[in-house]
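> From the sequence below, what's the structure:
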Amino acid sequence: MIRLSPTTSAANSGAPNFQNGYDPGHPWYYLLGGKVLGPKSILKSVIARDYRGHIDEIKDAEALCEPRRSEQLRRLRNRITNQYKADLERYRELVRELQQHRLSDRLKDSVRLCEPVHSSLALKHNHIYNELAHLRRINAALCVQRDMFDGF
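From the prediction side, this is the model:
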């Protein structure tokens, strides 16, 4: 089997914590039998890598004056929390699908090809990874209330 080098994904921004040379944000990780991570493990990875996400709306909201700052951050938190819940539900469905796929692969001695379930699971992992980073950043921002006279 030809082995491709690991690629960069949303979850591959810090110290290597890979199985079979790939991180959970890459489809080959699951193809090669990588362990499916739960939300707590994904969050630990976000914290360990101090990943802060990529949404500019958070940065823009942080720059607002109070009370608009807190209101906007809470709105963002609600939106991202809802997204996270939907993605987590789909992630769990994909985990079950992967388990069935792996079982059927064991029963038939076939060539291992990257299937849609591998790509979907990697993509959903990356969505959850980013959403947890965004929620962590928003919660940290909400813990600090800016002074009314900041910037004067």
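
> make it CA atoms for all contacts and neighbour counts henceforth
Will do.

> Mind giving me the packing neighbours of the longest helix belonging to the chain?
The helix spanning the most residues in the chain, taking DSSP state H as the definition, is helix 68-107. Helices and strands in packing contact with helix 68-107 are listed as helix 56-62, helix 116-142; criterion 3 or more Cα pairs under 8 Å, 6 or more residues apart in numbering; DSSP states H and E.

> Looking at these, which is nearest to residue 88?
If you check each of the helices and strands packed on helix 68-107 against residue 88 by Cα to Cα, helix 116-142 wins as the nearest, at 6.9 Å.

> Now the spatially most central residue of the chain. Nearest residue, chain neighbours left out?
Most central in the chain under Cα atoms, centre = their mean is residue 129, positioned 1.4 Å from the mean C-alpha point. By the measure of Cα to Cα, 6 or more residues apart in numbering, the closest residue to residue 129 outside its immediate chain neighbours is residue 42, 6.2 Å from it.

> and that neighbour, that's in a helix?
Yes: checked against DSSP: H, G, I helix; E, B strand; the rest coil, residue 42 lies within a helix.

> start at 26 instead
Sure, I'll start counting at 26 from here, so that last one is residue 67.

> Let me know the angle separating the longest helix of the chain from helix 141-167.
160 degrees (axes from the mean of the first three to the mean of the last three Cα atoms, to 10 degrees).

> residues of helix 93-132 that come out buried?
Buried positions in helix 93-132, judged by neighbour count with 16 or more other Cα atoms under 10 Å: 94-95, 97-99, 101-102, 105-106, 109, 112-113, 116, 119-120, 123.

> Let me see the confidence value for residue 45.
Note for residue 45: predicted pLDDT of 75.

> so who does it touch?
Residues near residue 45 by Cα atoms under 8 Å, 6 or more residues apart in numbering: 54, 57, 59.

> Top of these by number of neighbours, please.
When the contacts of residue 45 are compared by neighbour count (other Cα atoms under 10 Å), residue 54 ends up highest, at 24 neighbours.

> Tell me the secondary structure at that residue.
helix.

> can you tell me which helix or strand residue 137 belongs to?
Secondary-structure element containing residue 137, defined by DSSP states H and E: none, the residue being outside all helices and strands.
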